[in-house]
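Novice: My questions concern the predicted model and sequence given below.
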Amino acid sequence: MSPVPGAGLRVTGATWSVEDRRVVDEIAFTTPAGTVTGVLGPNGSGKSTLLRALAGALRLDDGEASFGADDLLRMRRRERARRVALVEQDSAPDRSITVRAAVLLGRIPHRSLLAGDSTADDAAAMTALVRVGMADLADRDLATLSGGERQRVHVARALAQEPELMLLDEPTNHLDVSAQIRVLDLLRSLSGEGVTVLTALHDLNLAASYCDRVVLLARGRVVAVGTPLEVLTPELVKHVYDVRCEVLTHPTTGRPLLAFSG
Ligand SMILES: Nc1ncnc2c1ncn2[C@@H]1O[C@H](COP(=O)(O)OP(=O)(O)OP(=O)(O)O)[C@@H](O)[C@H]1O
């Protein structure tokens, strides 16, 4: 297999505290270029905080993160905006904006300071909307969309940004099963194009099906890093989630399939 172009992510000693509590506690892991890595862990385990820190939305107290040869945490804002996209958990927009205009926001980092939207920007925005299956709603007001539709627009905005590193916080939240598969298939095809994808996921079976590697967190610390088969063991799932499960083999993909029994 020839190596995929793109950069890998390396995080070491990432730490962030609030009110004397370590929310992110010396997190360390690496993700090879052009792979999909899942960030897993119970509610409150630090997934969103870690993603926000890597996207530059929150300043870590300590630790390093490199992306390829570059220091991700000290990258200039405009360069980061060109290279790194963050899809946060959906929230309702606070102003009226069309779907097309919301996706075009992803093009801003690629424009010169005084330039308006170009035909190329429009084309990139529409291509992104087609990829998430939302082109038909391009002229709708974002506020009138359902939670799942809006979530796909947020993914389209990140796609329009044409990032090298894509950070997503539970992108399958609110999505029906077909939209979940569509978004995760899309993340896989982006990784094939060299984009490095790091995504928080709650559904362990989706993580097992779509991620090359997973980072399992509990109380801000890394419990395990590896392939889904290595990490999603009954022992670790019981330890982290306090839930019993058996790990079966998916009959067609051969990937791990978790059957929970409470
Ligand atoms: N600004 C803040 N002030 C106080 N506590 C915070 C702050 N930001 C995060 N936390 C706490 O840090 C912990 C981790 O939050 P985070 O949102 O990163 O978890 P998560 O793993 O993404 O959770 P979920 O699965 O519920 O989305 C939570 O207990 C949260 O309440």
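Specialist: That came through fine.
Novice: What about V18? Give its phi and psi, please.
Specialist: When quoted as degrees, to the nearest 10, the phi and psi of V18 stand at phi -140, psi 140.
Novice: For burial, what's the neighbour tally of it?
Specialist: V18 has 10 neighbouring residues, counting by other Cβ atoms under 10 Å. In short, each C-beta sits where N, CA and C put it, glycine included.
Novice: Can we start the residue count at 14 from this point?
Specialist: Sounds good: first residue 14 from here, last item V31.
Novice: what's the pLDDT at it?
Specialist: Per-residue confidence at V31 stands at 95 (pLDDT).
Novice: Over to G19?
Specialist: The score at G19 is 79. That number is its pLDDT.
Novice: and if you look at M14?
Specialist: 47.
Novice: With G161 instead?
Specialist: If you check G161, the pLDDT there is 88.
Novice: So it: helix, strand or coil?
Specialist: Classification of G161 using DSSP: H, G, I helix; E, B strand; the rest coil returns helix.
Novice: Helix or strand: which one has the nearest residue to it once chain neighbours are set aside?
Specialist: Spatial nearest neighbour of G161, excluding adjacent residues (Cβ to Cβ, 6 or more residues apart in numbering): H187 at 4.2 Å. Under DSSP states H and E, no helix or strand contains H187.
Novice: give the contact list for A68.
Specialist: Taking Cβ atoms under 8 Å, 6 or more residues apart in numbering as the definition of contact, the neighbours of A68 are R93, V97, L99, L180.
Novice: how close does it sit to L86?
Specialist: 10 Å (Cβ to Cβ, to the nearest Å).
Novice: still on that earlier bit, take the contacts of A68 and keep only those in helices.
Specialist: Assignment to helices by DSSP state H places the following of the contacts of A68 there: R93.
Novice: Low-confidence stretches in the stretch 14-163 of the chain?
Specialist: Judged by pLDDT under 70, the stretch 14-163 of the chain has its weakly predicted residues at 14-18, 125-130.
Novice: who in it is up against the ligand?
Specialist: With Cβ under 6 Å from any ligand atom as the criterion, the stretch 14-163 of the chain comes near the ligand at residues V31, V36, G54, N56, G57, S58, G59, K60, S61, T62.
Novice: which one of the residues you listed sits closest to L150?
Specialist: Set against L150, the nearest of these by Cβ to Cβ is S61 (26.8 Å).
Novice: Give the burial count for the closest one, as a bare number.
Specialist: 18.
Novice: Sticking with it, tell me its helix or strand.
Specialist: Counting by DSSP H and E, S61 is found in helix 60-67.
Novice: got the contact list for that helix?
Specialist: Residues external to helix 60-67 that are found in contact with it (Cβ under 8 Å, 6+ apart): 22, 24, 27, 29, 36-37, 40, 52-54, 71-73, 78, 85-86, 97, 99, 101-102, 178, 180-183, 211, 213, 230.
Novice: Please list only the buried members of the residues you listed.
Specialist: 22, 24, 27, 29, 36-37, 40, 52-54, 73, 78, 85-86, 97, 99, 101, 178, 180-183, 211, 213, 230 (16 or more other Cβ atoms under 10 Å).
Novice: Pull out the CA atoms of the helix holding S61 and give them to me as CSV.
Specialist: Below are the C-alpha coordinates for helix 60-67, written out as CSV (Å, rounded to 0.1, in the frame of the first residue of the first chain):
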residue,chain,number,x,y,z
LYS,A,60,-13.6,14.7,24.4
SER,A,61,-15.0,18.1,23.4
THR,A,62,-12.4,19.9,25.5
LEU,A,63,-9.6,18.0,23.8
LEU,A,64,-11.0,18.7,20.3
ARG,A,65,-11.5,22.4,21.1
ALA,A,66,-7.9,22.7,22.3
LEU,A,67,-6.5,21.1,19.2
